[in-house]
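1. What follows is a protein structure lacking sequence information:
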């Protein structure tokens, strides 16, 4: 053993050890001092910073979306409602295996490929930890199935949300419109302020009033400070600033009148626009066929959308607002007034109508719709009553196209009416300048002959025809058409755009002509007045779908149904104190008396049978509305 | 105390005279150390209850671990010191053998093989070496003249180097460094020349760059980088440090109150019941609580140093000193890591963090410390 060979010096070894240990102790003390200093630095010196950090960790500001303003018709019938919908949402960050999760959900509830496809699209532009909706409107049973399997589906939750619901479905699709999920394009257009306002909001107005009144309907977003844990689960609400709900809209539209117009139009494609003569308020706004706007609210399925967009009847097309048709003879009363005002014709002026008109130095025959003509000495009233084309050919030949253009413009043709609906089409009323610019051609006298009959270049929307008719009924006061009557309880005042100046006796002549259309034995619009206890004034029209070559005879039997002429009718009532003006368009309807006039008649009948309060301005809600119109 | 020991001798296995001994010496229990350890374990359970969000599950498990560790400690205290010294080579060789086995048959997670599984029972051989290495170094030096000669130092370094290298291969750099440190502490206390220490430190500094470039894995490098700039990667690697600093700092002087720490209760603090538990204590009890805990550790370390001062032989002295200093290193590395002074290495806070293995190893070490402190005096001439 070493001990035997070498004597260990225990005392020096102990001293050495103790020295070493003391040096180590100094090291320990220094390191302890470092720790104490570190904690002092964290907990005392920088206490405020870390306190803030830890609060920011747990307290999150969550947007509280406002409830969207409701939409009512003039009588308080709800047209656009908000309903709770239970949606299935997934927080991507909390899901381990997305494919497996989707597969499992697909076995629990109905989930088609379109849902998954849309979900994946939404996932592309998500914010971190944002729940992304996968399925909307879960049924009670589906909610139960998901709840039972919750433990197998981390990151999946069922959330309640208020979504738009249109209780009258198809009836107001073309006026009220619809909301839909905010898409990428809209998101791209958002300003910073928009991004703030839409925090927490999923939907935006896409079409119709929902779009044009988006700013009013949306409301102001609120927020709440919530305490969350590290996994983002909300534990409690610390502070809440309530959102301000969007403003509600009260419309001039009348649900019952709309229904009457829609039903009497039957299976025909077409449009009905009724306007309150005294205010420009739009009472009925029909475009048929229509569609169910509810389909679009949470995202329309691919099949549904294709069915709508591929249909030959184009139900998504808003005929009343965007359909541009040849206005046909419905322009004649307006043209007559213009001719009188410009001194082209007067009450005594007559023409002879052999069934055609020939311009000087031209051998082309401009045909009258009546093959053998309307006879000799046709005056203004007869020309309107029987819709004598030759009288108006003669007037146009002696008139100036630019003056005609002025008249049409003052009645609202050839430009947007300014209605409070988006994406309106302007139609067209030609002028020399327009033709030179658009076609690069000079104006030919024959062009005037086509224009005066609302053909050739002339295009008008059914809405424009209704505005024109209301302006006539008003004896020249041209109101801006308005669908919305009040926003958030505040009345929108009627707005006069123009006043068409003409002598009273000229208006009387036009009124007389339009009255005779309905009540003269040879009038073209006799069907509209049947069985009504008040007088109606109107004018028929036909819009050619296919041009008829010179010398060819019109044979409706040989033409396919869709090549038939469109039937037009404009009218107002009652004659002595006009209240309501209507334009009716029936695509390929051919005979105004069979398809278009009955619609106008039923609209008049329904509107004039109302107690005073219903038809009067909404401001008079406190009136008891005794009595009915005589 | 020492003078009386010469007069009274027990008739024990070593023969020789003895005196009637105190309770402490009879049962080999160092009462102050035991009291301090029990207080620390109690504090640990209280903090653990809060750190696990008021669930008794972890507290119950930890209590079982502590009970088991206490038994291990008491048993370890009964074993005569000579036996440790004589058996240490076998313990050492066996431990290294198991480490080799780990490299071939080990199981583990996150790309590291640290565990051996035998019959459904898992254990970590590196734990055993935390005690075997300082014990072997102390035993090796025990027989030699001190301060150690150059060759003695080389021999001691070889004893330290083999298991450390094996553990680095697992890879578990943190444990390897701590085990190496425990052996080197024994060597240092035996009188390792300052020249050699200085030279080694210089060599280490010189090796730092090649180590960084070629010797470290990506995640290890990431941890070091995170230490210097935790903000750079707040949601990734920096998350732990960011959150633990926020927890400690937001505790302030007096803390947010027991079970009221938002960082830990709302799960922002990762690993709150294991490695990062001191952040829970600091958040809820403030600087006050953190200093009291440090004081407990200081008292335990002081008692360990006292025991090492009183030990009669080189073996006991070196082993006691090494165990105590290593214990301090654990405390320092853990708290330094949680407070953002050191890189994140998986070192639990001794006796407070949840976890069975570390508690058992630590208490076994304290058992050995008690065995040293209650060793029967004998004349060694």
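-> Everything's here; your move. These figures come from a predicted structure and were not determined experimentally.
2. what residue ranges in the stretch 51-200 of chain B score low on pLDDT?
-> Residue ranges of the stretch 51-200 of chain B with pLDDT under 70: B:109-112, B:120.
3. Spell out which parts of it neighbour chain A.
-> Within the stretch 51-200 of chain B, the positions near chain A by CB under 8 Å from any CB of the partner chain are B:143, B:144, B:145, B:146, B:147, B:185, B:188, B:189, B:190, B:191. Just so you know, the C-beta spots here come from the backbone N, C-alpha and C atoms, and that holds for glycine as well.
4. what sits against whatever residue of the stretch 401-550 of chain A ends up closest to chain B?
-> In the stretch 401-550 of chain A, no residue comes nearer to chain B than residue A:488, which is 41.7 Å away by CB to the nearest CB. Listed by CB atoms under 8 Å, 6 or more residues apart in numbering or on different chains, the contact partners of residue A:488 are A:69, A:216, A:247, A:248.
5. Mind doing that once more with 10 Å?
-> Contacts for residue A:488 (CB atoms under 10 Å, 6 or more residues apart in numbering or on different chains) come out as A:69, A:216, A:217, A:245, A:246, A:247, A:248, A:249, A:250.
6. before we move on, back to that, can you pick the most crowded of the residues of the stretch 51-200 of chain B next to chain A?
-> Highest neighbour count within these, by other CB atoms under 10 Å in any protein chain shown: residue B:189, with 31 neighbours.
7. For chain B, which segments count as strands?
-> Assignment of strands within chain B using DSSP state E yields the ranges B:116-118, B:121-123.
8. can you redo those strands as a markdown table with distance to residue B:256 and mean neighbour count?
-> Putting these into a markdown table (distance: least, CB to CB, whole Å; neighbours: other CB atoms under 10 Å in any protein chain shown) gives the following:
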| stretch | distance to residue B:256 | mean neighbour count |
| --- | --- | --- |
| strand B:116-118 | 42 | 13 |
| strand B:121-123 | 37 | 12 |
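9. Number of residues surrounding the one residue in the stretch 51-200 of chain A that gets nearest to chain B?
-> Nearest residue of the stretch 51-200 of chain A to chain B, counting by CB to the nearest CB: residue A:54, 3.9 Å away. Residue A:54 is flanked by 26 other residues according to other CB under 10 Å.
10. Quick check, it in contact with residue B:251.
-> Yes - counting by CB atoms under 10 Å, residue A:54 does reach residue B:251; the two are 9.0 Å apart.
11. quick one: common contacting residues for the two?
-> Shared contacts of residue A:54 and residue B:251, defined by CB under 10 Å, 6+ apart, comprise B:261, B:263, B:283.
12. thinking again about what came up before, to residue A:65, which of the strands of chain B lies closest?
-> Shortest distance between residue A:65 and these, using CB to CB, is found for strand B:121-123: 52.1 Å.
13. Mind listing what's buried along the longest helix seen in chain A?
-> The longest helix of chain A (DSSP state H) is helix A:10-40. Judged by neighbour count using 16 or more other CB atoms under 10 Å in any protein chain shown, the buried positions of helix A:10-40 are A:13-14, A:16-18, A:20-21, A:24, A:28, A:31-32, A:35, A:38-39.
14. Also stretch A:180-198?
-> Neighbour-count burial for stretch A:180-198, counted by 16+ other CB under 10 Å, picks out A:180, A:181, A:182, A:197, A:198.
15. From the opening residue of it to its closing one, how far?
-> Using CA to CA, to the nearest Å, one end of stretch A:180-198 lies 13 Å from the other.
16. what's the most distant pair in the buried residues of stretch A:180-198?
-> The span of the buried residues of stretch A:180-198, defined through CB to CB, is set by A:180 and A:197 at 17.3 Å.
17. Just the pLDDT for residue 361.
-> Defaulting to chain A. At residue A:361, the pLDDT value in this model is 81.
18. try again with chain B
-> Listed pLDDT for residue B:361 reads 92.
19. Identify the residue nearest it in space, chain neighbours excluded?
-> Take residue B:361 and drop its neighbours on the chain: the residue closest to it by CB to CB, 6 or more residues apart in numbering or on different chains is residue B:127, 4.7 Å away.
20. if I read this right, the one you found contacts residue B:360, doesn't it?
-> Yes - assessed by CB under 10 Å, residue B:127 is found in contact with residue B:360 at 7.7 Å.
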